[in-house]
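> Quick one: sequence and predicted model below, then my questions.
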Amino acid sequence: MANVVVVGGGWAGCAAAVAASKAGIGKVVLLERTDMLLGTGLVGGIMRNNGRFTAAEEAIAMGGGDLFLAADQCTRHRNVEFPGHQHASLYDVAAIEPAVRTVLEACKIEYHTLARVRDITMTGTRLNSVITDSDDEIYGEVFVEATGSAGPQGNCSRHGNGCAMCIIRCPAFGPRQSIAGRAGVTERHGKKPDGSTGAMSGSCKILKESLDPAIVHQLNSTGVAIVPVPEELRKADSLSIKACQQYALKEFAENMILLDTGHAKLMSPYYPLDKLRSIPGFQNARFEDPYAGGAGNSMRYFDMAPHDNSLKVHGLDNLWCCGEKAGLLVGHTEAIVTGLLAGHNAARQAAGRNPLVLPESLAIGDAIAHVNRQMQTEAGLRLKYTFSGAQYFDRMQALGLYTTDIAGIRARVRQAGMSSLFAENVFQQAAQLCR
């Protein structure tokens with residue numbers, strides 16, 4: 001039997017598995033539905049922009065830097081600036097997944113791909129096991145749900161532009177199954193500003209070689225290319241449906257903003273191909289991933305689990321949540337830091353220790369608590385929150401939480417009593433407390 005079972009191998013699930021392992025637990029099993037880890041991290045690539053720098057350095061100071069350092073090692077460009085964003089790092093989307101596997105293996109985590117969880121067993125309000133499509137039954141003491149909030153196909157058809165065969169790849173590997181929902185928990189849906197359900201993923205990938213050589217040169221040399229869009233071809237109305245509201249700025253409507261993550265990351269949730277090819281420099285453009293980026297993108301923020309600020313799911317004895325499953329936090333950094341807390345607290349529960357709530361004097365602790373409060377309101381469900389922009393970054397700055405001063409960040413973590421927290425063996429601590 002596993003001590004901790006993590007369902008979902010995106011950034012959040014990988015972080016949860018790493019945190020549980022580093023906390024000294026005996027066995028961690030990570031189950032991923034598709035044939036690759038990282039989920040939307042396979043088409044993402046942006047780290048350390050704006051307040052994400054602060055959050056990443058807080059996590060590193062707390063002993064949870066393994067995945068951030070892996071991303072740093074795969075970085076193609078550092079200190080990139082583009083509209084509304086400073087000091088961004090862009091990792092190579094082709095190199096990152098093997099690097100993350102190396103981290104999991106170093107932590108002796110047993111991970112399985114092609115292992116979609118389709119069912120659970122319970123006793124009362126306690127999870128006993130999860131069952132995969134292959135009829136494997138994995139028992140655990142404690143469980144972490146990191147299944148995300150995107151898909152299945154029906155949600156994209158009903159609330160978006162239809163299934164785009166995106167990186168979630170529901171048709172190939174089966175739809176996401178909500179563990180909390182399966183256990184009878186009433187979950188929440190995020191909303192667009194107009195009140196309709198969900199939000200569209202925020203960017204597409206273009207095959208870099210299909211672009212004008214001058215654009216390719218600019219991307220390769222600086223990491224960013226900004227190409228003005230003729231007024232008649234602009235798509236300003238699409239900005240409000242994006243999950244990534246930090247990019248819903250007029251500059252992203254008036255220009256094609258491309259980032260180099262190996263492919264050319266187009267900062268738009270979709271762009272009709274005939275319109276795209278009418279823009280100078282894009283005459284031969286081809287979408288790489290999502291595969292139907294001219295028609296749409298995945299819909300997100302369905303089935304979010306209600307939880308407390310330790311990320312324990314309400315109504316269940318031994319289920320924790322992280323990433324988009326835990327709420328309306330957007331981005332890789334946001335997924336990693338919630339995964340670290342959920343995995344660490346899962347290990348604490350297995351060790352018989354009380355869960356930890358991060359203090360709101362830290363950006364990570366404040367973000368988790370603030371978003372949880374906001375999600376109790378109708379207005380809050382219409383917003384998306386991120387360290388890198390929009391409403392929450394404004395809050396970070398107003399509270400004095402945003403800084404790029406690494407020494408200052410470490411001092412703040414130390415003052416909060418959180419230094420090296422995620423590197424501590426909670427089982428050894430539990431044994432010492434019992435003496």
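In hand now; what should we look at?
> quick one: the helices in the stretch 1-150 of the chain?
Counting by DSSP state H, counting those that start in this stretch, one finds helices in the stretch 1-150 of the chain at the ranges 11-22, 51-61, 66-73, 96-106.
> outside of the shortest one, which residues touch it?
Where contact means CB atoms under 8 Å, 6 or more residues apart in numbering, the residues beyond helix 66-73 that reach it are 11, 14-15, 18, 22, 47, 56, 59-60, 89, 91, 96, 99-100, 102-103, 107, 332-333, 336. Any C-beta I mention is one placed from the backbone N, CA and C, and that applies to glycine too.
> One more: the last one?
For helix 96-106, the external contacting residues (CB under 8 Å, 6+ apart) are 14, 17-18, 30, 36-38, 41-42, 45, 66-67, 70-71, 73-74, 111.
> hmm, 10 Å instead?
Contacts made with helix 96-106 from outside it, assessed by CB atoms under 10 Å, 6 or more residues apart in numbering, are listed as 9, 11, 14-15, 17-18, 21, 28, 30, 36-38, 41-42, 44-45, 47, 66-67, 69-75, 91-92, 109-111, 113, 261-262, 332.
> Give me the distance between the two termini of stretch 25-33.
24 Å (CA to CA, to the nearest Å).
> What average pLDDT does it get?
Per-residue pLDDT values over stretch 25-33 give a mean of 96.
> hang on, the earlier thing: I'd like the helices of the stretch 1-150 of the chain laid out as JSON lines, including distance to Q349 and mean neighbour count.
As requested, the helices of the stretch 1-150 of the chain are exported to JSON lines (distance: least, CB to CB, whole Å; neighbours: other CB atoms under 10 Å):
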{"stretch": "helix 11-22", "distance to Q349": "10", "mean neighbour count": "32"}
{"stretch": "helix 51-61", "distance to Q349": "21", "mean neighbour count": "26"}
{"stretch": "helix 66-73", "distance to Q349": "21", "mean neighbour count": "21"}
{"stretch": "helix 96-106", "distance to Q349": "21", "mean neighbour count": "17"}
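> so which of the ones you listed gets nearest E137?
Among those, helix 11-22 comes nearest to E137, with 19.3 Å by CB to CB.
> Specify the angle between that closest one and helix 96-106 in degrees.
20 degrees (axes from the mean of the first three to the mean of the last three CA atoms, to 10 degrees).
> re the thing from before, could the helices of the stretch 1-150 of the chain go into JSON lines alongside mean pLDDT and distance to Q391?
Below are the helices of the stretch 1-150 of the chain laid out as JSON lines (pLDDT from 0 to 100; distance: least, CB to CB, whole Å):
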{"stretch": "helix 11-22", "mean pLDDT": "98", "distance to Q391": "21"}
{"stretch": "helix 51-61", "mean pLDDT": "98", "distance to Q391": "12"}
{"stretch": "helix 66-73", "mean pLDDT": "98", "distance to Q391": "24"}
{"stretch": "helix 96-106", "mean pLDDT": "98", "distance to Q391": "28"}
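> Export those helices to TSV and append columns for distance to R158.
Output for the helices of the stretch 1-150 of the chain, formatted as TSV (distance: least, CB to CB, whole Å):
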stretch	distance to R158
helix 11-22	25
helix 51-61	32
helix 66-73	34
helix 96-106	30
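> Go through the ones you listed and name the closest to M375.
Going through the helices of the stretch 1-150 of the chain one by one, with CB to CB as the measure, helix 11-22 comes closest at 16.8 Å.
> Return the distance of the closest one from the chain's centre.
For helix 11-22, the distance between its averaged C-alpha position and the chain's averaged C-alpha position is 13 Å (CA atoms, centre = their mean, to the nearest Å).
> the inter-axis angle of it versus helix 51-61?
An angle of 20 degrees separates the directions of helix 11-22 and helix 51-61 when computed by the same axes, to 10 degrees.
> residue ranges of the helices in the stretch 201-350 of the chain, please?
213-222, 250-254, 273-276, 332-350.
> what's the most buried one of those helices?
Mean neighbour count, computed with mean count of other CB atoms under 10 Å, is highest for helix 332-350 among these, reaching a mean of 30.
> What average pLDDT does that one get?
The average of the pLDDT scores along helix 332-350 is 98.
> Next: stretch 212-230.
Across stretch 212-230, the average pLDDT comes to 96.
> Can you check the pLDDT for G190?
pLDDT recorded at G190 is 89.
> Pull the contacting residues for it.
For G190, the contacting residues are 149, 197-199, 243, 299-304, 324, 327-328, 330, 375, 380-384, taking CB under 10 Å, 6+ apart as the criterion.
> Can you tell me, leaving aside adjacent residues, what's nearest to it?
Once flanking residues are discounted, G190 sits nearest to Y301: 3.1 Å by CB to CB, 6 or more residues apart in numbering.
> burial measure for the one you found, as a count.
A count of nearby residues for Y301, using other CB atoms under 10 Å, gives 26.
> Quick check: it vs H159, distance?
10 Å (CB to CB, to the nearest Å).
> what's the overlap in contacts for those two?
Residues within reach of Y301 and of H159 at once, by CB under 10 Å, 6+ apart, are 189, 191-192, 197-200.
> Hmm, the residue nearest to G190 is touching A199, no?
Yes - with contacts defined as CB atoms under 10 Å, Y301 counts as touching A199 at a distance of 5.2 Å.
> Check which helix or strand the nearest residue to V337 once chain neighbours are set aside maps to.
If you skip the residues right next to it in sequence, V337 has I364 as its closest partner in space, 4.8 Å away by CB to CB, 6+ apart. Element membership of I364, judged by DSSP states H and E, is helix 363-374.
> what about A411, how many neighbours?
Residues contacting A411 under the criterion other CB under 10 Å number 13.
> So what angle separates the directions of the host helix or strand of it and helix 51-61?
Mapping A411 onto the secondary structure by DSSP H and E places it in helix 406-415. Note on geometry: by the same axes, to 10 degrees, helix 406-415 and helix 51-61 are set 50 degrees apart in direction.
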